[in-house]
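Asks: can't give you the sequence, but here's the structure:
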């Protein structure tokens with residue numbers, strides 16, 4: 001996720017980190033490695049899975065930042081989601097969610113994350129199940145105990161409400177002509193029942209029915225299109241596992257524009273038909289940007305890519321897998337220099353490797369997503385527009401102590417503000433984390449750093465990884481024990497000296513807000 005900048009002057013974003021965000025929200029892997037990750041998270045939770053008669057309570061997988069997010073006891077392998085759009089953003093969509101999962105413990109009941117819709121029925125392996133709600137969880141009790149290591153199919157008939165609930169961020173985004181999704185970090189369960197944590201990735205099938213005049217697009221590739229009466233059902237499937245927070249469905253009076261990327265990669269963009277001509281020059285840049293990213297970290301990891309241009313005031317751009325969500329306003333009216341807009345496009349594109357293909361095992365590992373996306377955003381600006389990386393990093397260093405004081409160090413961010421779950425997206429995980437990557441390149445040298453980046457996305461493709469995994473790989477490739485380096489740069493209260501730049505200084509945190517020098521915050 002990248003908050004859309006709102007510079008006060010045309011020059012505000014010409015150099016250095018992005019300006020501060022406005023005060024209002026602008027917002028399978030198969031095999032042992034994945035099962036081990038799931039088991040480790042589940043073990044952090046004290047929950048009795050076979051306690052008959054226990055009152056329904058919300059549970060979680062033990063994430064430090066979102067304690068009740070995700071659920072232990074099972075590993076989702078696939079989702080089959082069906083949505084019927086009524087042609088109005090004021091009415092709920094009728095929906096069916098089918099979950100295929102493998103149990104990791106014997107279950108007499110289990111929880112799904114779901115908080116913004118009416119559940120009409122639940123069936124487990126074809127048999128009716130009882131259900132109730134607890135916090136933001138749907139607690140399901142099947143008619144018989146599910147043995148550990150067994151396959152199960154859960155079918156939930158429910159509504160999905162596009163009208164935001166009070167105090168809840170994310171989920172459906174209302175556009176001028178329909179809907180889109182923005183589920184990061186803790187909001188997919190505002191759209192459909194799920195195991196809403198990035199540690200549990202799965203394959204997805206989407207079936208979207210909409211009235212004549214609307215076009216539906218989702219993650220992955222089209223699999224079917226069937227017209228019936230005055231409506232059409234579009235089916236899309238992913239070929240790679242995906243975290244729930246990266247799910248995307250676009251419903252609108254849209255055009256789908258097709259072009260070809262490197263090595264024949266299908267690229268498709270979704271724009272409001274009325275905006276097609278205006279936005280085409282921007283969209284035409286994507287194949288070249290993909291080629292640039294491939295030159296840095298290797299082949300694009302998915303089956304397709306494209307941009308969804310939302311005619312909505314979202315306040316953010318979002319790396320939804322294979323179809324990044326962008327706010328049209330970023331591209332309209334010549335508000336920002338062209339080089340800057342292109343670098344933001346690369347930010348979301350780079351997330352397809354860092355954050356989507358390689359997903360964070362916990363939300364404290366968010367810096368691995370946003371730090372890398374900011375890194376390649378800045379590197380693109382340096383190579384394509386002559387904006388020096390060193391200048392941006394020096395500015396970030398100046399503000400770094402303030403960012404750490406306000407939001408915590410990059411790999412141990414402070415929790416979200418009450419009622420503002422996306423407030424974990426602070427400067428410390430953007431330019432603060434990119435600064436740590438710059439220090440790492442200074443420490444181990446450019447060749448080793450570039451080898452690390454390629455090895456990282458190759459080794460963990462379609463899986464999850466954490467900060468310790470990155471430290472281990474960096475030490476292996478550099479031939480050095482980097483534990484002290486990472487402890488200081490990722491967990492320290494103060495910013496360590498910059499290798500090669502002993503003269504760089506960081507401002508003391510502001511006594512009132514702990515934010516350091518004004519005007520240096522990055523989002």
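Replies: Yes, it's here. Source: prediction; values computed, not measured.
Asks: what are the ranges of the helices in the stretch 251-400 of the chain?
Replies: 276-283, 286-297, 338-350, 366-385, 389-407 (DSSP state H, counting those that start in this stretch).
Asks: Also the stretch 1-150 of the chain?
Replies: Counting by DSSP H, counting those that start in this stretch, the helices of the stretch 1-150 of the chain are 32-43.
Asks: Quick check: residue 132 touching residue 56?
Replies: Yes: using C-beta atoms under 8 Å, residue 132 is in contact with residue 56, at 4.9 Å. To be clear about C-beta, it is placed using only N, CA and C from the backbone, and glycine gets the same treatment.
Asks: more crowded one of these two?
Replies: residue 56 (17 against 13; other C-beta atoms under 10 Å).
Asks: Would you check that my belief about the more buried one contacting residue 134 is correct?
Replies: Yes: between residue 56 and residue 134 there is a contact at 4.2 Å, judged by C-beta under 8 Å.
Asks: Next, count neighbours for residue 309.
Replies: 30.
Asks: For it, give the beta-bridge partners.
Replies: When bridges are called by DSSP bridges, residue 309 pairs up with residue 326.
Asks: who's in contact with it?
Replies: Residue 309 makes contact with 269-272, 275, 279, 326, 328, 331, according to C-beta atoms under 8 Å, 6 or more residues apart in numbering.
Asks: re the thing from before, any idea which of the helices of the stretch 251-400 of the chain gets closest to residue 422?
Replies: Go through those one by one with C-beta to C-beta and the one that ends up closest to residue 422 is helix 366-385, at 11.0 Å.
Asks: Can you tell me which helices and strands the closest one packs against?
Replies: Helices and strands touching helix 366-385, by 3 or more C-beta pairs under 8 Å, 6 or more residues apart in numbering; DSSP states H and E, are helix 286-297, helix 338-350, strand 358-360, helix 389-407, helix 431-444, helix 467-478.
Asks: ok, back up a step: please produce a markdown table containing the helices of the stretch 251-400 of the chain, extended by mean neighbour count.
Replies: Putting the helices of the stretch 251-400 of the chain into a markdown table (neighbours: other C-beta atoms under 10 Å) gives the following:
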| stretch | mean neighbour count |
| --- | --- |
| helix 276-283 | 15 |
| helix 286-297 | 17 |
| helix 338-350 | 21 |
| helix 366-385 | 24 |
| helix 389-407 | 22 |
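Asks: With mean pLDDT added, can I get the ones you listed in JSON lines?
Replies: What follows is those, written out as JSON lines (pLDDT from 0 to 100):
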{"stretch": "helix 276-283", "mean pLDDT": "94"}
{"stretch": "helix 286-297", "mean pLDDT": "98"}
{"stretch": "helix 338-350", "mean pLDDT": "96"}
{"stretch": "helix 366-385", "mean pLDDT": "97"}
{"stretch": "helix 389-407", "mean pLDDT": "96"}
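Asks: just to revisit the earlier point, in the contacts of residue 309, find the pair that's most separated.
Replies: 270 and 331 (13.9 Å).
Asks: returning to what we had before: residue 1: which of the helices of the stretch 251-400 of the chain is closest?
Replies: Using C-beta to C-beta, the nearest of the helices of the stretch 251-400 of the chain to residue 1 is helix 366-385, at 7.6 Å.
Asks: Including distance to residue 410, could the contacts of residue 309 go into TSV?
Replies: Listed next are the contacts of residue 309 as TSV, based on distance: C-beta to C-beta, whole Å:
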residue	distance to residue 410
269	33
270	33
271	35
272	37
275	37
279	34
326	25
328	31
331	30
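Asks: Sort out for me which of the residues you listed are in strands.
Replies: Taking DSSP state E, the ones among those that sit in strands are 269-272, 326.
Asks: From those, pick the one nearest residue 192.
Replies: Nearest to residue 192 among the ones in strands among the contacts of residue 309, with distances taken as C-beta to C-beta, is residue 270, at 20.2 Å.
Asks: Bridged to the closest one, which residues?
Replies: If you apply DSSP bridges, the partners that residue 270 bridges to are residue 256, residue 308.
Asks: Name all residues that make contact with it.
Replies: Per C-beta under 8 Å, 6+ apart, neighbours of residue 270: 215, 217, 250, 252, 254-257, 306-309, 323.
Asks: Buried ones only from these, please, as a ChimeraX command.
Replies: The ChimeraX selection below is limited to those of the contacts of residue 270 classed as buried (16 or more other C-beta atoms under 10 Å):
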select :215,217,250,252,254,257,306,307,308,309,323
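Asks: closest to residue 118 among the contacts of residue 270?
Replies: The closest of the contacts of residue 270, once distances to residue 118 are taken by C-beta to C-beta, is residue 250, at 23.9 Å.
Asks: beta partners for the closest one?
Replies: Beta-bridge partners of residue 250, as defined by DSSP bridges: residue 217.
Asks: Give the full set of residues in contact with it.
Replies: 178-181, 215-218, 270, 308, 310, 323.
Asks: could you redo the last one with a cut-off of 10 Å?
Replies: 173, 175, 177-181, 208, 214-218, 256, 270-271, 308-310, 320, 323, 325 (C-beta atoms under 10 Å, 6 or more residues apart in numbering).
Asks: Residue 311 versus that one, what's the distance?
Replies: To residue 311, residue 250 is 11 Å away according to C-beta to C-beta, to the nearest Å.
Asks: residues shared between the contacts of these two?
Replies: With C-beta under 10 Å, 6+ apart as the test, residue 250 and residue 311 both reach 175, 177-178, 180, 271.
Asks: What segments of the stretch 151-300 of the chain are strands?
Replies: For the stretch 151-300 of the chain, the strands defined by DSSP state E, counting those that start in this stretch occupy 151-160, 171-175, 178-182, 203-211, 215-218, 221-228, 231-237, 249-252, 254-260, 266-272.
Asks: Mind putting those strands into JSON lines with distance to residue 300?
Replies: Listed next are these as JSON lines, based on distance: least, C-beta to C-beta, whole Å:
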{"stretch": "strand 151-160", "distance to residue 300": "31"}
{"stretch": "strand 171-175", "distance to residue 300": "26"}
{"stretch": "strand 178-182", "distance to residue 300": "22"}
{"stretch": "strand 203-211", "distance to residue 300": "19"}
{"stretch": "strand 215-218", "distance to residue 300": "19"}
{"stretch": "strand 221-228", "distance to residue 300": "14"}
{"stretch": "strand 231-237", "distance to residue 300": "18"}
{"stretch": "strand 249-252", "distance to residue 300": "21"}
{"stretch": "strand 254-260", "distance to residue 300": "12"}
{"stretch": "strand 266-272", "distance to residue 300": "10"}
